[in-house]
Each structure stands twice: as C-alpha cells, then as structure tokens.
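Novice: the sequence isn't on hand, but the structure is:
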Ligand SMILES: NC(=O)c1ccc[n+]([C@@H]2O[C@H](COP(=O)([O-])OP(=O)(O)OC[C@H]3O[C@@H](n4cnc5c(N)ncnc54)[C@H](OP(=O)(O)O)[C@@H]3O)[C@@H](O)[C@H]2O)c1
C-alpha cells in the first residue's frame, strides 16, 4: 500500500481507502463487514470513511466494532455530518449545535476517543459559514476531532471558509470529498480541484469506480444478482451510469486492460490517483475478492501512453 499526505497535513492516508456507504452496516452482513475491514487493514488500508447518515448510524457502529481490534494510532477514521437524522428541526445541518451533537454521537458509535477527520457532508445554506468554521475549530481544540474537511462544496464555498478561518485564526478545512471518476470529472473544470491544489486541501474522492461500472462487470452478458445494479433498494445512483454510451467506453477500457494486463478497476483507480492532489480514492466493496483487486491499484503506475489511451476513450466526458 502507498500512502500520501492528506493535502498539506502531516498525517498520511492510504491511497486506497474503504468507505461504508450502503455496504458496511448495510447490505453487507456484520460478519462479512468485519472480514472486509480486517482484510483492508491487513493489506495496509488505514483510512476508513463513514458518515452518521449511512444507514442511520449502523455503518459507524459496525465500523467501530471492527476497528477497536486494531491499534488506534494505526487508523485514520473519517466521518461526516449534515444529513437529516430525524424529524427534529436541529437534527441536521452544520449549526454549532448539530456539529457538537453529531461528533459526540459518532465518537460513541465508533467507540473511539477522537475522530481523525470530520467532514461536512454538504454545504448548509441555513447556517452562517462563520458558525460552522468556529464549531469545527472548537471540536479540534477540544481534541474530539483532529482535522475537519468538506464534501461536495463549490469552489466559492471552500474559498469563503478558508478566508473566514484565516481572518479569525481558526483551523482550516484540510480535505474535500467530491465525486470523481472517469465518468465524473466536474472538479477538473469547475475550479474545485484548482482551489484544493492551491491551498493544500487533499481530495479524497468518492465513487472512483462509478459504483462498479468502471470494473467492467456491467459489460458482461449476465449481470450478477448480488451486484448493486440488481439491488432495487440501492440502485438509484448506479443506474445513471449504465447506458450504451458509457458501456461502450468501458468496453474500450476492457480492451486496454487486455492489452496492458492491468485490470479494469485498477486502470480506473490508478487514473484517479495520477494527480497528487488526490490523497485517496475511497472505494467500497461487498466481497473480499473486490477489495483485494482494488488494493492492487495502489501499486499501479500508468505510463503516459496508457493515460493518453484512457483520455482518448473518455474524451467526451466532462
Ligand atoms: N461524500 C459523499 O457524498 C459520498 C457519496 C457516496 C459515497 N461516498 C463514500 O465513498 C465510498 C465509495 O463509494 P461507492 O461505494 O460508490 O464506490 P465505488 O468504489 O465506485 O463502488 C463500489 C461498489 O462497486 C462494486 N465493486 C467494487 N470493486 C469491485 C470490483 N473489483 N469488481 C466488481 N465490483 C466491484 C461493489 O458493489 P456490488 O458488489 O454491490 O456491485 C462496491 O460496493 C462510500 O463507501 C462512501 O464512504 C461519499
């Protein structure tokens, strides 16, 4: 496993990380979740991503049960808040009140004394940015979290947060979690990647395999019944990626995989990691074989020639 600094922080995260949206504490049963976490850790994953809202706490709880078997200092645990947790008016968003309560709940769920990275799952237009920045600063000063980050914030939202933190001498956000894959490249053109690069904010990118589509599994004649696409409850997002145009591109990627001997998923993940502003690609897995395969991308170097081939295939994707 390779490790990169999280942006300009001193802390290092594994370039392949393991997330828990839908899977851990959700579609994957407890025993298999535990096995996946153990396998990931043994193969060098130190960065585990979750959120309060993933299965309403069950992802955090399941992760916490397994992670307590490892030395705390060997782990980099990340969670998030913002999403609506109940019908109570304050049980959502980025108010000082909700951040304070969410951090405490996550600490309890994760069975840990501190969380390495706590992230704003989305931007909250109902709370002033100054309140949010000050609340995260307090959480850091109290030792409850070590760093704070954002997810799916625009360039201007990130810029404004940095300016407020600079003005009041508060801890700045150190990471941003956007969607990024060969099919989702908005951050390259909307200024988000640039502002992160300029300010040493580490990108920890989600759905780097486009929810499985960039493994080539949906180009097969028979689609496995236990795949996300066949899961009627959870296939809303993956369905958006499965269309003829995208599958044709993946078909070309499969040919490139055959030519280079690098698996399709490794091409897709190593492509995300080609730029050092990406500190980690946050993957998910439902099977140990998938995780083993994805971890190999850590060691995969893509030559200029391969990168050019990939660019040609996906050139019409913005
Ligand atoms: N910040 C945010 O708003 C946000 C949003 C979404 C996700 N996230 C984070 O990002 C993480 C990753 O998101 P994601 O689950 O969409 O990521 P992904 O890695 O793009 O897709 C993961 C899914 O693809 C399939 N898969 C993975 N590796 C495979 C392989 N080698 N061969 C065949 N199939 C494979 C598995 O699904 P099946 O086996 O079920 O087909 C797996 O659960 C989440 O767990 C979460 O921590 C954050």
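Specialist: Cool, got the structure. Since the structure is predicted, the reported quantities are computational estimates derived from the model, not experimental observations.

Novice: same question for the strand or helix carrying residue 108: list its buried residues.
Specialist: Assigned by DSSP states H and E, residue 108 belongs to helix 96-110. Residues of helix 96-110 classed as buried: 98-103, 105-107, 109-110 (neighbour count, 16 or more other C-beta atoms under 10 Å). Heads up, the C-betas are built off the backbone N, CA and C, glycines and all.

Novice: residue 204 belongs to a strand, doesn't it?
Specialist: Yes. Judged by DSSP: H, G, I helix; E, B strand; the rest coil, residue 204 forms part of a strand.

Novice: is it in a bridge, and if so with what?
Specialist: residue 280 (DSSP bridges).

Novice: got the contact list for it?
Specialist: The contact partners of residue 204, taken as C-beta atoms under 8 Å, 6 or more residues apart in numbering, are 6, 13, 17, 47, 49, 78, 149, 175-177, 278-280, 282.

Novice: just among the residues you listed, which is most surrounded?
Specialist: Neighbour counts for the contacts of residue 204 peak at residue 280, which has 32 neighbours (criterion: other C-beta atoms under 10 Å).

Novice: contact partners for that residue?
Specialist: 4, 6, 13-17, 47, 202, 204-205.

Novice: and with 7 Å instead?
Specialist: 4, 13-15, 17, 47, 204 (C-beta atoms under 7 Å, 6 or more residues apart in numbering).

Novice: next, format the residues you listed as TSV and append secondary structure, distance to residue 160 and pLDDT.
Specialist: Listed next are the contacts of residue 280 as TSV, based on DSSP: H, G, I helix; E, B strand; the rest coil; distance: C-beta to C-beta, whole Å; pLDDT from 0 to 100:
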residue	secondary structure	distance to residue 160	pLDDT
4	strand	27	98
13	strand	26	98
14	strand	31	98
15	coil	29	98
17	strand	27	98
47	strand	27	98
204	strand	21	98
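
Novice: out of those, flag the one nearest to residue 297.
Specialist: Relative to residue 297, the closest of those is residue 15; by C-beta to C-beta it sits at 7.9 Å.

Novice: and for the closest one, the neighbour number?
Specialist: 24.

Novice: tell me the contacts of it?
Specialist: 2-4, 273, 280-281, 298.

Novice: the ligand contacts on the protein?
Specialist: 19-21, 23, 49, 121, 151-152, 177, 206-212, 215, 217, 227-228, 265, 282-286, 290, 293-294 (C-beta under 6 Å from any ligand atom).

Novice: just those: which are in strands?
Specialist: Using DSSP state E, the members of these that fall in strands are 49, 151, 177, 206, 282-283.

Novice: of those, which is the nearest to residue 138?
Specialist: residue 151 (20.1 Å).

Novice: the helices in the stretch 51-200 of the chain, which residues?
Specialist: 58-67, 96-110, 129-141, 155-168, 186-189, 192-199 (DSSP state H, counting those that start in this stretch).

Novice: let me know which of the ones you listed is tucked in deepest.
Specialist: Comparing the helices of the stretch 51-200 of the chain by mean neighbour count (mean count of other C-beta atoms under 10 Å), helix 58-67 comes out on top with a mean of 22.

Novice: list the contacts of it.
Specialist: Outside helix 58-67, the residues touching it (C-beta under 7 Å, 6+ apart) are 20, 24-26, 30, 33-34, 37-38, 48, 50, 52, 75, 77, 79, 106, 109-112.

Novice: are any of these buried, and which?
Specialist: Buried subset of the contacts of helix 58-67 (neighbour count, 16+ other C-beta under 10 Å): 20, 24-26, 33-34, 37, 48, 50, 52, 75, 77, 79, 106, 109-110, 112.

Novice: and the residue of the stretch 1-150 of the chain found nearest the ligand, its phi and psi?
Specialist: Taking C-beta to the nearest ligand atom as the measure, the stretch 1-150 of the chain has residue 19 as its residue closest to the ligand, at 2.2 Å. Per-residue torsions, residue 19: phi -100, psi 180 (degrees, to the nearest 10).
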